[in-house]
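A.B. asks: For reference, the sequence and a predicted model appear below.
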Amino acid sequence: MSSRHRSMTWFCALIVLTLTAAACGGGSDTEKAAGGTKILIGSFRFTESETLAQIYGGALKNAGADVGYRLGLGNREVVGPAIESGEIDLVPEYVGNYLAFLDKNQTNGLPLAEAVAKTKALAKAKRLTVGAASSAADGDVLAVTKELANSKGLTKISDLSKLDSVTLAGPTECETRQTCLLGLKTTYGLSNVTFLSTADDAGGPITKKTLTEGKAQVGRLFSSDPDLAKAGKFVVLEDDKSYQQAGNVIPVLRTDKATEALVKVLDKVSAALTNEKLLELNKKTDVDKEDPAAAAAEFIRANKL
Amino acid sequence: MTPLLGGIVVGTYRWFADGAHWRGSNGVPVRVGEHVLLSGVTVAIAVVVALPLGLLLGHRRSGGLLVIGVANVARAVPSFGLIVLGVVAFGISPGPVVATLVVLAVPPILVNAYVGVRDVGADLVEAAWGQGMSGRQVLLRVETPAALPLILAGVRTATVLVVATATLAAVVPGVGGLGPYIVDGIGQQDRPKAVAGAMLVAGLAIFAEVSLGALQRRVSPSSRSSLLVPPPEIGEAAGQDP
């Protein structure tokens, strides 16, 4: 049953999205308030993204929007085209990586304000509206086990040249992303790197397992991962040539749905999110195994959104 | 829709035509080899586990409830979850994949062996006992050969199931096979890669189906002169030739 779960989910999501997109296409946005506007919210396939999607969604629902969800669609390579084609209307994005997705030549990390401005301009051309960036950030990080960091004296990414060979474990898209494997070769000039795909396990248990078992030395994790806290098993390598991107949470919305009132609601949510609260949310869902929907609902109540 | 479809067809053709996709540890021959090895080992283990049990219970004409129970439980096991659980619990290795696929492959082999042996004609079995054969001899010399077509059908079903499902190995880093082509193709928006992977898996499954089907037909009584097929009774033969 579950062997087919994944592909079936993907397949069904596509069909449902296509139908819904077709059904929504005829609607007109004449009202100023969020009242009755249909918003289909998508998310990436990891827990934090599903939680964030339901936080933005909960706030929109409270503002009177007709909210639907398409959670866990996949990685950016799947979600990006989905919002451009109108299969979803809103997705909680991460500014830097989204910028690198929109502009393949964006190989160096930019300061937040600059990254946001550039993302807004590029998104506009695709008829997408980008909300205000939240101070809560979850960027890609490269991490190693504490033991390896101590024994080899690894503190920053360029230290990886000290190792004879480096295996980088990351989700499948890492292999073709400038901000992941490719940048290690071009920006850092590391020639001793090979790639180990963890399929669609993005910063999850399998990626961590490759590190603890020594199948890989470096893993692509997320900065808001509770396991990277002081007591955790892994340490982050400093991105000393800043090739990774700012990871601030930023909502991306289709312009045909972006009424002023709606964007205001989104900005209010982004303002309420902080690094501490994001870490707290992740601890609830990943460590205490709370349902992302429940964690999101709690957040909405606690912050009166 | 048509330009998209055409793009995928052309893209997939180009993917196969690209020599780089045929070399090295990610090349088609290596990946097909990994997939065949993974499937082969799995089916072999499943045969070792399920065949003796099915034959024995069929021979004793008892334990049908057990066979059905085991088969139903095994069929209901969520393969994907089991693999991830296995990796988290026992570490990254092909082990959890093989174990999960064995669970999937056991039911058809077990059920077919049991039913095949159980349903061997009573006259045949009685004749064997009557000749003074031991239970072991009856099973190995009479019942098993007679049930062979059905037993092989079970192995064939299991093999096709395993070849198609072994793509799940993609979730375990470094195990390989053809699954990563599909998963990476989707994850990297490289449709030709995903389609090529799917075509290779489908091709392999069809090959397994056709070749094992041919083997099954070879051992079927209709196409061989078998001593197991009882000769026509004398009266009957005479009746046909007045």
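C.D. replies: Here it is on my side, so go on. Residues are numbered from 1 along each chain as shown, chains lettered A, B, ... in the order given.
A.B. asks: gap between A:E114 and chain B?
C.D. replies: Taking CB to the nearest CB, to the nearest Å as the measure, A:E114 falls 27 Å from chain B. All C-beta spots, glycine's among them, are computed from the backbone N, C-alpha and C.
A.B. asks: In what element of secondary structure is that residue found?
C.D. replies: helix A:112-125 (DSSP states H and E).
A.B. asks: Next, the buried residues of that helix.
C.D. replies: By 16 or more other CB atoms under 10 Å in any protein chain shown, the buried positions in helix A:112-125 come out as A:L112, A:A115, A:V116, A:K118, A:T119, A:K120, A:L122, A:A123.
A.B. asks: isn't the fourth one right next to A:L110, touching?
C.D. replies: Yes: using CB atoms under 8 Å, A:K118 is in contact with A:L110, at 6.9 Å.
A.B. asks: who touches both of those two?
C.D. replies: Common neighbours of A:K118 and A:L110 are listed as A:L99 (criterion: CB atoms under 8 Å, 6 or more residues apart in numbering or on different chains).
A.B. asks: Just give the nearest non-adjacent residue to A:D239, would you?
C.D. replies: A:I157 (5.8 Å; CB to CB, 6 or more residues apart in numbering or on different chains).
A.B. asks: sorry, that was for A:S242
C.D. replies: A:S242 sits nearest to A:G109 (CB to CB, 6+ apart), 4.1 Å away.
A.B. asks: Tell me how many other residues surround the residue nearest to A:D239.
C.D. replies: For A:I157, the count of nearby residues is 24 (other CB atoms under 10 Å in any protein chain shown).
A.B. asks: For chain B, which residues score under the pLDDT cut-off?
C.D. replies: B:1-2, B:222-242 (pLDDT under 70).
A.B. asks: meant to ask about the stretch 1-150 of chain A, not that
C.D. replies: In the stretch 1-150 of chain A, residues with pLDDT under 70: A:1-35.
A.B. asks: one step back: state the next helix or strand along the chain beyond the helix holding A:E114.
C.D. replies: Following helix A:112-125 in sequence, per DSSP H and E, is strand A:128-130.
A.B. asks: Which neighbouring elements make contact with that following strand?
C.D. replies: Secondary-structure packing of strand A:128-130 (3 or more CB pairs under 8 Å, 6 or more residues apart in numbering or on different chains; DSSP states H and E): helix A:112-125, strand A:249-254.
A.B. asks: Identify all contacting residues around the shortest one.
C.D. replies: In this case it means strand A:249-254. With CB under 8 Å, 6+ apart as the criterion, strand A:249-254 contacts A:52, A:56, A:83, A:86, A:89-95, A:98, A:116, A:119, A:123, A:127-134, A:136-138, A:262-263, A:266, A:269-270, A:273, A:278.
A.B. asks: Sort out for me which of those are in helices.
C.D. replies: A:52, A:56, A:83, A:95, A:98, A:116, A:119, A:123, A:262-263, A:266, A:269-270, A:278 (DSSP state H).
A.B. asks: who wins for most neighbours among those?
C.D. replies: A:L52 leads these on contacts (other CB under 10 Å) with 30 neighbours.
A.B. asks: Okay, the residue nearest to A:S242 and A:L142: tell me how far apart.
C.D. replies: Distance, A:G109 to A:L142, using CB to CB, to the nearest Å: 13 Å.
A.B. asks: can you check A:E87 too?
C.D. replies: Distance, A:E87 to A:L142, using CB to CB: 32 Å.
A.B. asks: now swap in A:L60 and tell me
C.D. replies: 35 Å.
A.B. asks: ditto for A:F44
C.D. replies: For A:F44 relative to A:L142 (CB to CB), the value is 19 Å.
A.B. asks: closest point of chain B to chain A, which residue?
C.D. replies: Nearest residue of chain B to chain A, counting by CB to the nearest CB: B:P78, 3.1 Å away.
A.B. asks: for stretch B:129-147, the distance to its chain's centre please.
C.D. replies: Offset of stretch B:129-147 from its chain centre (CA atoms, centre = their mean, to the nearest Å): 26 Å.
A.B. asks: Which of the residues in that stretch are classified as buried?
C.D. replies: B:M133, B:V138, B:L139, B:V142, B:E143, B:T144, B:P145, B:A146, B:A147.
A.B. asks: excluding its backbone neighbours, what's nearest the third one?
C.D. replies: Meaning B:L139. B:H59 (4.5 Å).
A.B. asks: Which residue ranges of chain A form helices?
C.D. replies: A:5-25, A:47-62, A:76-84, A:95-102, A:112-125, A:146-152, A:183-186, A:205-212, A:260-272, A:275-282, A:292-302.
A.B. asks: For B:H35, which of those helices is the nearest?
C.D. replies: Closest approach to B:H35 among the helices of chain A (CB to CB): helix A:5-25, 17.1 Å.
A.B. asks: Is stretch A:67-83 in proximity to chain B?
C.D. replies: Yes: Stretch A:67-83 reaches chain B (CB under 8 Å from any CB of the partner chain) through A:G74, A:N75, A:E77, A:V78, A:P81.
A.B. asks: show me what contacts the residue nearest to A:S242?
C.D. replies: A:G96, A:A115, A:D239, A:S242, A:Y243, A:Q244, A:Q245, A:A246.
A.B. asks: Dihedrals phi and psi, it?
C.D. replies: Dihedral angles of A:G109 (phi, psi; degrees, to the nearest 10) stand at phi -70, psi 140.
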